[in-house]
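Novice: need coordinates for the following:
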Amino acid sequence: MLLFENTNRSRVIIHVDCDAFFASVEQSLKPALKGKPVIVGKDRGIAAAFSYEAKRAGVIRAMPLSEIKKLCPDAVFLPCDYESYSLFSQRFYAILRRFTPDVEEYSIDEAFAELSGLRRVYRASYEAIAFDIKKTIEKELGITVSVGLSLTKSLAKICSKDGKPSGFTAVRGHELRDYLKTVKIQRVCGFGPSSTALLAKHAVHTVWDYVQRPEIFARKLLGKIGSELWHELRGESVYPILTEKKEAQASLSKTKTFTPASNNRDFVRAQLIRNMESAFIKLRRHHMRTKGIGIYLKNNDHQGQGLFAELARHTDSPLEGVDIVSRLFDRLFNPATRYRATGVWFHDLEYGPEVQRDLFDDPAKITALREISKVIDEAGALYGKHALHLASSDVLREYRQHLGDRGDFSQRKVQPLKGENFRQHLKIPLWDVKV
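Specialist: Prediction:
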């Protein structure tokens, strides 16, 4: 096992995890909500995120709001405010980069950072540096974060889960033996239910059980990832800190949960088509096209099924995607099943301003589709998203559900600052502070 002090061999990694991020942002922006059970997801009809106060009351992810009201009568329901969450995330990463340039944006509310060699700069121990990072984030953003400090990314992520919310766990190399004996193998990021079940058949129940076996055991049983995690969990760093921003993405998806659940064919299909339209809007915004389209239907028991198909060529037009999405829907839809969510995902994405044509493409058709998409985007900019839409999704106007109720929009939407409109805002969060 390695030691923090052996700087020639070891690395010092922290994992910073924002606690109940969406709900915590809402409580930071609205101080009166601190200490109250906050549920984010009013616009979706389910608990998309929630505070620790709500969690202690028994709220779980994707629980319908009607059930939450019975379980937790004093719950506060709020719509998702992704703009504010994104702004807080940017500030979160900016604070981390004030301490170290080696920061990996793992997700909107999680980060890895390397502190190796910074003791001389800050004239402090690694634990003191990590604790200073934690307190600075909490003071400036008004949220709590949990921090794990250890020799590798895998170990740091395990440590950050201890003592949540607002936990702080640092495990040095000479402490690993005792610590890993207490960590269940299920807590390792990279081991899913199938892997942990397989390991259990070989009497591996804790991380210590795993790292005590020879590497050949890990490789034979779980392949390359098993070997990599074997090294990581022993304190031997394998996974680097990825500081580069990802310029490309492998896929893009749009989903929508609706209440009540429905087996109305036209309604469920319209929800799916609307997801597809939204996904294509995002594709065009980022100058992307897709060649693979998949759909997903989730029933009222939270069970889902999906289908996937390839297009003849890359496209960014919903007019080229609607037929294949409709055919996939016809194969998947069961009129005896009540559905509560639909989703569309795109795969095999390509970037660039120009469509790559082949010998058999119709140039006039491609040009016409591009012009139609341009008009759709211009109308959306002037009159709101989906001002122009496919006729097959128009049925949604008859089923308002969570659409159009001003109480289901975030505060940024209904109380714009001077010069803002419904879709365009200044890049600052909006605090609800009484002075």
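
Novice: what residues of stretch 57-74 count as buried?
Specialist: Applying a neighbour-count criterion of 16 or more other Cβ atoms under 10 Å, one finds 57, 59, 63, 64, 65, 68, 72 buried in stretch 57-74. Every C-beta, even on glycine, is put in place using the N, C-alpha and C of the backbone.

Novice: just the ones of those in strands?
Specialist: When the buried residues of stretch 57-74 are checked against strands using DSSP state E, none is located there.

Novice: which one of these is nearest to residue 90?
Specialist: Minimum distance to residue 90 across the buried residues of stretch 57-74 is 28.1 Å, recorded for residue 59 (Cβ to Cβ).

Novice: tell me how far the closest one lies from residue 392.
Specialist: In this view, residue 59 and residue 392 are 36 Å apart by Cβ to Cβ, to the nearest Å.

Novice: now do the same end-to-end measure for stretch 163-178.
Specialist: Taking Cα to Cα, to the nearest Å, the first and last residues of stretch 163-178 lie 17 Å apart.

Novice: what segments of the chain are strands?
Specialist: Counting by DSSP E, the strands of the chain are 13-18, 38-40, 49-50, 76-78, 103-107, 110-114, 145-150, 168-170, 251-262, 288-299, 304-315, 339-351.

Novice: among these, which comes closest to residue 27?
Specialist: Checking the strands of the chain against residue 27 by Cβ to Cβ gives strand 38-40 as the closest, at 6.1 Å.

Novice: parallel or antiparallel, which strands does that closest one pair with?
Specialist: Paired strands of strand 38-40, with direction, are strand 49-50 (antiparallel), strand 76-78 (parallel) (DSSP bridges).

Novice: most tightly packed of the ones you listed?
Specialist: Sort the strands paired with strand 38-40 by mean neighbour count, taking mean count of other Cβ atoms under 10 Å, and strand 49-50 sits at the top with a mean of 23.

Novice: got the contact list for it?
Specialist: Outside strand 49-50, the residues that touch it by Cβ atoms under 8 Å, 6 or more residues apart in numbering are 20, 21, 22, 23, 37, 38, 39, 40, 41, 59, 61, 80.

Novice: same check on stretch 270-278?
Specialist: 254-256, 258, 293, 295, 297, 318, 321-322, 325-326, 329, 342-344, 385-386, 389-390, 392-396.

Novice: list buried residues within these.
Specialist: Listed as buried from the contacts of stretch 270-278 are 254-256, 258, 293, 295, 297, 318, 321-322, 325-326, 329, 342-344, 385-386, 389-390, 392-393, 395-396; burial here means 16+ other Cβ under 10 Å.

Novice: output the below-cut-off pLDDT ranges for this structure.
Specialist: By pLDDT under 70, the weakly predicted segments of the chain are 1-9, 43-44, 245-251, 352-364, 366, 398-435.

Novice: tell me who's in contact with residue 266.
Specialist: Here residue 266 is in contact with residue 395 (Cβ under 8 Å, 6+ apart).

Novice: distance of it from residue 335?
Specialist: Noted for residue 266: a distance of 11 Å to residue 335, by Cβ to Cβ.

Novice: and of the strands of the chain, who's closest to residue 370?
Specialist: Residue 370 lies closest to strand 304-315 among those, at 10.0 Å (Cβ to Cβ).

Novice: neighbouring strands - and their directions - for that closest one?
Specialist: Strand pairing (DSSP bridges) places strand 304-315 next to strand 288-299 (antiparallel).

Novice: relative to strand 339-351, how tilted is the partner strand?
Specialist: Using axes from the mean of the first three to the mean of the last three Cα atoms, to 10 degrees, the direction of strand 288-299 lies 160 degrees away from that of strand 339-351.

Novice: strand 288-299 to strand 251-262, inter-axis angle?
Specialist: 30 degrees.

Novice: wait, residue 173 touches residue 234, no?
Specialist: No: under the criterion of Cβ atoms under 8 Å, residue 173 lies out of contact with residue 234, with a separation of 9.6 Å.

Novice: of these two, who's got more company?
Specialist: A direct count of neighbours by other Cβ atoms under 10 Å for residue 173 and residue 234 places residue 234 higher, at 22 against 19.

Novice: nearest spatial neighbour of that one, skipping sequence neighbours?
Specialist: Leaving aside its sequence neighbours, residue 234 sits nearest to residue 211 (Cβ to Cβ, 6 or more residues apart in numbering; 4.9 Å).

Novice: next: residue 199.
Specialist: Nearest non-adjacent residue to residue 199 (Cβ to Cβ, 6+ apart): residue 185, at 5.6 Å.

Novice: surely that neighbour touches residue 210?
Specialist: Yes: with contact defined as Cβ under 8 Å, residue 185 counts as touching residue 210 (6.0 Å).

Novice: joint contacts of the two?
Specialist: Taking Cβ under 8 Å, 6+ apart as the criterion, residue 185 and residue 210 both touch 199, 204.

Novice: more crowded one of those two?
Specialist: residue 210 (25 against 18).

Novice: from residue 346, how far out is that one?
Specialist: 37 Å.

Novice: likewise for residue 282?
Specialist: Noted for residue 282: a distance of 9 Å to residue 346, by Cβ to Cβ.

Novice: can you check residue 275 too?
Specialist: Using Cβ to Cβ, one obtains 11 Å as the distance from residue 275 to residue 346.

Novice: repeat that for residue 179.
Specialist: 42 Å.

Novice: the more surrounded of those two?
Specialist: Using other Cβ under 10 Å, the more surrounded residue of residue 179 and residue 346 is residue 346, with 28 against 18.

Novice: ok, that one touching residue 281?
Specialist: No: Residue 346 is beyond contact range of residue 281, at 11.9 Å (criterion: Cβ under 8 Å).

Novice: helices of the stretch 301-435 of the chain, start to end?
Specialist: Secondary structure of the stretch 301-435 of the chain by DSSP state H, counting those that start in this stretch: the helices cover 318-332, 363-383, 411-414.
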